[in-house]
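J.: attaching a predicted model along with its sequence, questions to come.
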Amino acid sequence: MGLCNVLRMPLENRTGVVSYLLPNLNHIMKRNKNHIYPTKDEMISKVSESGRVHTAIQNCAILDAEGLTNRERGGLSNSEGKHGRRLKRILGTMVAKISCALLKVTSWVLLRVLGVFLLGVQVHKGQMELIKEASKKGVPLVFIPMHRSHLDYVLLSFILHNYGVKAPHIAAGDNLNLPVFSWVLRSLGAFFIKRKLDRDVGKKDLVYRAALHTYIEEVLRSNQNLEFFIEGGRSRSGKALSPKGGLLSCVVDSYYDGVISDAFIVPASISYEKILDGHFNNEQMGLQKRKETFMMALRGIYDVLKHNYGHVKVDFAQPFSLKEYLEAPQAPATPVSDIATSGICKSKVKRAGSDNSLYGTDIVVEDTRQLVKGLAEHIVYDSVHVNTIMSTNIVAFLLLTKFREGIPFNTLVKELDKMKEGIASRGYSIGFTGTSTAIVHHAIRLLGGNLIRVENVVVTSSTGPDVISNEKSNKEKEFVTPLLSLPNVFELSYYSNTLISVFLMESVLANAIIAECGSTQLMFNTCHSSPLSICKDRLLTRAMQLCDLLQFEFIFAPPCGNLTNVINDAIEELAVKGVITVKDSITGFKDQRWVRQLAATTGWESDESDSVNNSETIEINMSSENKKQLQFLQCVLGPLIEGYWLSVCNLVRLLDMDVDDNTYIRMVNMYAKERVEKGFAVFSESCSMDTLRNAVKVFLHWKVLCTYYDAENIKMLQLKEPYRDEAKLSVLIDKIEVFRV
């Protein structure tokens, strides 16, 4: 069906004077329906009368009475009244008040204003038809997009409203509850929730939790659509964040409690050529995030209107039935290799969930929590794979993975063509058309001079077309160089990181191959050209270890899939490309593949298939072209691996003392920045705070670290046994260092 720019009005069916004098208004009035939305007072009343909320108020009053004398406990009803009044204040701030009139006015304004700073907002007509069909089924739609910009809040509602789909109730952080803006957002469907649900450390705010849970339940009961960002906040790195299951668990509970008969889950992704929110360099450098204010919002809008941000592409994954998902047999957990224990842990799930879920094990029983976790990962996995690759993503990716020292402009154009083909062959969408020269110019202009330097350099014909010379000559070429100094490299990596998912499993295998063969021999020994052979089982183990190390960075396999099968598929892909050859002394390659596929589809693995797998070897083609390909794939994950290595090396600081978690991450960040400044770092972006925080999460998950609260309620980090021994800690460091080039 093709793409449609929602900012460009169709010229057909224009009838009457109004359609020609006020085309935008005429377009909005004709394409929208007056849907029915519950009033704010109606929703507040329903939530206030809920049994769950009344129970929470009573429990809070009882907790308030603990430690009081019998005489003092006489004021229990007063305590209930206090929490009841607080409930009204909570709901007054939280509940949305959708206005059909304001939706139309806002659509008209956006149709005029978005075109000022955007070249277009593209949607796929076929995807929109699926959404429209799903909206006619009589059950709520739950839209769950990846969160990249504050524009996400209104962009999805604008598109849905223009296609006649009921506007969703949107979960928004209370940091956006600003004067004027909060009224507008609330009228467009936003309901504001606290970023931290509990006021005091270790003490749950039962009333707030019950109110939020019940409000979502009532939204769904009223057959209203819902939208929330499963990552919680905006991504600071450009990659998908670990999903948080709190709001999703409310949706699942609504089904199990009989509140709704079903709901359609709609994963979505919004791709920007240039992010409107500026950059997150200061936060990645370790500085505190500035709190949003009314004046900051005004200045931000003014700045946005002065610049051009290219194209935006909004993608919707295939809607799927919540009922069918929950009632389908769940796939068993996939074992993963644990670097910390150097073994295959059969009882481990393949990936850890978020440590910061809105709700927790106290509300959702363990089985349901694992179900919600799997559903959340499935949504993120679908959203990542439906994401469109923009021009700025490819240019930034090429410069950071292949040409960190710079590249002639003409060569960059050719490399963009190759990269486009590689991305398309891997099943991802490209979000631009036109001549490659124009596209590269456009991307460089959007990225700006703070990230990329373009200069004319003199070249000598005697030494080749790409050699820079200080001698004067009439022959000049444009040379494009990425600026890798801190903090600007973080912004460039933000755009580059979108493409990691495209090459993820190939990069995992390349890093596993280099770790197994040794980086010196494989990557830097120019004299070695004969093939190298390694055992396939050892390669699989290395690859699973790396997946375990980066489990908070990516979802390597869908919850219904199997990580071993995904790695085997990646091995076969590299074999097809000629980078490696899979050899076996018993059966041919096709026979091996058939055995594995049969085992995967039937759910059994015979002794014969095991023996076949054990006898397989991987032969690495050592041609210069393949070495370049392995180097490129290694660089895709190189910054993350270096960041994790820096983090594990700094664990020695905890041998003699415990440190609060924020101080520890700042210490590692300062150490990493010093290495960059001194020229010791291979990848300057390895010192980003996001990477260092995720490394700490992994060490906590591996039980290398543990946390506790001291007398002042400060969260402290502590090394666990046996890692309080320097020798044991050194073994762990060596196991991670093996992946570092």
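T.: Good, I have the coordinates.
J.: C-alpha from now on. contacts and neighbour counts both.
T.: Noted.
J.: how far does the helix or strand harbouring Ala543 sit from its chain's centre?
T.: Ala543 belongs to helix 536-549 when assigned by DSSP states H and E. Using Cα atoms, centre = their mean, to the nearest Å, the mean C-alpha position of helix 536-549 is found 23 Å from that of the whole chain.
J.: now swap in stretch 418-433 and tell me
T.: Offset of stretch 418-433 from its chain centre (Cα atoms, centre = their mean): 20 Å.
J.: buried stuff in that stretch?
T.: Met419, Lys420, Ile423, Tyr428, Ser429, Ile430, Gly431 (16 or more other Cα atoms under 10 Å).
J.: also stretch 79-89?
T.: If you call a residue buried by 16+ other Cα under 10 Å, then stretch 79-89 has these buried ones: Ser79, Glu80, His83, Gly84, Leu87, Lys88.
J.: now do stretch 130-145
T.: So, applying 16+ other Cα under 10 Å, buried residues of stretch 130-145: Ile131, Lys132, Ala134, Ser135, Val139, Pro140, Leu141, Val142, Phe143, Ile144, Pro145.
J.: mind giving me a markdown table with those residues and columns for pLDDT and distance to Leu114?
T.: Output for these, formatted as a markdown table (pLDDT from 0 to 100; distance: Cα to Cα, whole Å):
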| residue | pLDDT | distance to Leu114 |
| --- | --- | --- |
| Ile131 | 95 | 23 |
| Lys132 | 93 | 24 |
| Ala134 | 94 | 28 |
| Ser135 | 93 | 26 |
| Val139 | 95 | 31 |
| Pro140 | 96 | 29 |
| Leu141 | 97 | 26 |
| Val142 | 97 | 25 |
| Phe143 | 97 | 22 |
| Ile144 | 96 | 23 |
| Pro145 | 95 | 20 |
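J.: what's the closest of these to Leu640?
T.: When the buried residues of stretch 130-145 are ranked by distance to Leu640 (Cα to Cα), Pro145 comes first, at 24.7 Å.
J.: centre-most residue in the chain?
T.: The centroid of the chain falls nearest to Ala240 when counting by Cα atoms, centre = their mean (0.7 Å).
J.: now for the top helix by length along the chain, which elements pack on it?
T.: Looking across the chain with DSSP state H, the single longest helix is helix 624-649. If you count contacts as 3 or more Cα pairs under 8 Å, 6 or more residues apart in numbering; DSSP states H and E, helix 624-649 packs onto helix 391-401, helix 504-517, helix 519-523, helix 661-677, helix 689-701, helix 726-737.
J.: could you dump these into a markdown table and include mean neighbour count and distance to Ile159?
T.: Listed next are the helices and strands packed on helix 624-649 as a markdown table, based on neighbours: other Cα atoms under 10 Å; distance: least, Cα to Cα, whole Å:
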| stretch | mean neighbour count | distance to Ile159 |
| --- | --- | --- |
| helix 391-401 | 25 | 23 |
| helix 504-517 | 23 | 31 |
| helix 519-523 | 17 | 49 |
| helix 661-677 | 18 | 40 |
| helix 689-701 | 21 | 32 |
| helix 726-737 | 16 | 46 |
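J.: Ser647: how many residues sit nearby?
T.: By the criterion of other Cα atoms under 10 Å, Ser647 has 27 neighbours.
J.: among the buried residues of stretch 79-89, which are in helices?
T.: Those of those lying in helices (DSSP H): Ser79, Glu80, His83, Gly84, Leu87, Lys88.
J.: quick one: residues contacting the third one.
T.: It stands for His83. Contacts for His83 were tallied using Cα atoms under 8 Å, 6 or more residues apart in numbering; they are Ile57, Cys60, Ala61, Val207.
J.: the residue nearest to the centre of the chain reaches Ser501, doesn't it?
T.: No: with contacts counted by Cα atoms under 8 Å, Ala240 stays clear of Ser501, the gap being 9.5 Å.
J.: give me the subset of the buried residues of stretch 418-433 that lies in strands.
T.: Ser429, Ile430 (DSSP state E).
J.: out of the buried residues of stretch 418-433, flag the one nearest to Phe191.
T.: Looking across the buried residues of stretch 418-433 and measuring by Cα to Cα, the closest to Phe191 is Gly431, at 31.7 Å.
J.: against Glu573, how distant is the closest one?
T.: Remark: distance between Gly431 and Glu573 (Cα to Cα, to the nearest Å) = 25 Å.
J.: now the residue nearest to the centre of the chain. Its backbone dihedrals?
T.: The phi and psi values for Ala240, taken as degrees, to the nearest 10, are phi -70, psi 140.
J.: buried residues, the longest helix of the chain. List them.
T.: Neighbour-count burial for helix 624-649 [16+ other Cα under 10 Å]: 626-627, 629-649.
J.: tell me, what's the model's pLDDT at His147?
T.: His147 carries a pLDDT score of 92 in this model.
J.: err, Met1, not the other one
T.: 54.
J.: equivalent analysis for the one 10 residues further on, please.
T.: Listed pLDDT for Leu11 reads 51.
J.: now do Gly233
T.: pLDDT, read off for Gly233, is 86.
J.: let me see the contact set for Gly448.
T.: By Cα under 8 Å, 6+ apart, Gly448 lies in contact with nothing.
J.: tell me the SS of Ala557?
T.: coil (DSSP: H, G, I helix; E, B strand; the rest coil).
J.: so it sits against Ile567, correct?
T.: No: counting by Cα under 8 Å, Ala557 does not reach Ile567; the two are 9.2 Å apart.
J.: picking up where we left off before, can you flag the weakest of the helices and strands packed on helix 624-649 by average pLDDT?
T.: Of all the helices and strands packed on helix 624-649, the minimum mean pLDDT falls on helix 519-523 (a mean of 59).
J.: alpha carbons of stretch 123-130, as PDB, please.
T.: Listed next in PDB are the C-alpha coordinates belonging to stretch 123-130 (Å, rounded to 0.1, in the frame of the first residue of the first chain):
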ATOM      1  CA  VAL A 123       3.200   6.200   8.100                       C
ATOM      2  CA  HIS A 124       2.600   2.900   6.300                       C
ATOM      3  CA  LYS A 125      -0.900   2.700   4.900                       C
ATOM      4  CA  GLY A 126      -1.100  -1.000   5.400                       C
ATOM      5  CA  GLN A 127      -0.100  -0.700   9.000                       C
ATOM      6  CA  MET A 128      -2.800   1.900   9.500                       C
ATOM      7  CA  GLU A 129      -5.400  -0.300   7.900                       C
ATOM      8  CA  LEU A 130      -4.500  -3.000  10.400                       C
END
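J.: just give me how far it sits from the chain centre.
T.: Stretch 123-130 has its C-alpha centroid displaced from the chain centroid by 23 Å (Cα atoms, centre = their mean).
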